[in-house]
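[1] Next come a sequence and a model predicted from it.
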Amino acid sequence: MLQAQESETLYRPLGVGFHVGVGGLLPTGSLTDDFKGFALFTGGIDINYNSAKAKIDISFGQPSFKNENLYAVYDEQGRDLQLNATANPTLFGISFQLGYTVLRLGRLSITPAVGVSSSNLSWDINHIKYEKDEEGIEKPVINDVTATHEKNFSWTASVDFDIRLHGKLVDYPLGDGGQAHYTSSLRITPFVTNAKFNNFNPSVKGCCVGATVSYAGLLRSISR
């Protein structure tokens with residue numbers, strides 16, 4: 001009787017879910033002249049339709065500087081007239097990707113995806129002037145502090161390795177009502193994002209390569 005009841009359960013094609021996790025990111029190319037790798041916090045939503053997926057990711061991190069004068073502003077003697085006011089800028093990014101599940105094997109599903117990414121890098125800059133002290137020696141003094149930011153818009157690609165943890169029926173309706181099936185998964189996502197900052201002197205470009213580990217949940221309505 002139980003088998004017959006399960007066989008009559010139909011999963012509707014539309015599913016809505018979320019994911020939240022942590023990871024790390026490493027710059028490549030000439031980006032390594034200005035930045036170090038850093039930890040990344042990420043979260044977002046998933047919309048599945050059968051094997052197709054659309055996902056939105058929001059990420060946050062604070063890379064460390066390797067270059068203290070990114071715009072290369074110097075005086076006639078070659079001394080820095082701008083220096084970073086903080087040790088770490090703030091990186092906020094959002095991406096939209098479309099993917100398709102190419103393999104389901106037991107509890108594992110693999111979904112490659114491609115899309116676009118927009119990120120904003122913000123930090124404060126100290127503006128420097130040089131003044132003579134009581135002994136007549138010129139020393140750097142902070143003249144002003146201003147906020148600055150750089151934006152990057154480019155392509156991104158990732159692969160979601162979802163390992164299903166458990167599934168259960170829940171009473172919350174989804175779509176046109178009725179019961180829904182909730183599935184939780186451990187998601188491992190390697191990714192690559194292109195980046196270029198033309199305003200730096202010299203300009204830098206490369207790819208940001210990283211991976212995240214997330215908890216993912218998916219609700220899919222059912223009918224019997």
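    Happy to help now that I have it.
[2] Paired strands for the lengthiest strand in the chain, with orientation please.
    Longest strand in the chain, counting residues (DSSP state E): strand 138-170. Sheet neighbours of strand 138-170, with direction, are listed as strand 108-132 (antiparallel), strand 180-197 (antiparallel) (DSSP bridges).
[3] For these, please prepare JSON lines with the additional fields mean pLDDT and mean neighbour count.
    Bear in mind the C-beta positions are built from the backbone N, C-alpha and C, glycine included. Shown next, in JSON lines, are the strands paired with strand 138-170 (pLDDT from 0 to 100; neighbours: other CB atoms under 10 Å):
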{"stretch": "strand 108-132", "mean pLDDT": "96", "mean neighbour count": "16"}
{"stretch": "strand 180-197", "mean pLDDT": "95", "mean neighbour count": "19"}
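[4] With respect to Asp171, which of the ones you listed lies nearest?
    Closest approach to Asp171 among the strands paired with strand 138-170 is made by strand 180-197 (8.1 Å; CB to CB).
[5] before we move on, back to that, mind giving me CSV with the strands paired with strand 138-170 and columns for distance to Asp46?
    As requested, the strands paired with strand 138-170 are exported to CSV (distance: least, CB to CB, whole Å):
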stretch, distance to Asp46
strand 108-132, 10
strand 180-197, 10
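[6] do you know which of those lies nearest Cys207?
    Nearest to Cys207, of all the strands paired with strand 138-170, is strand 180-197, at 5.3 Å by CB to CB.
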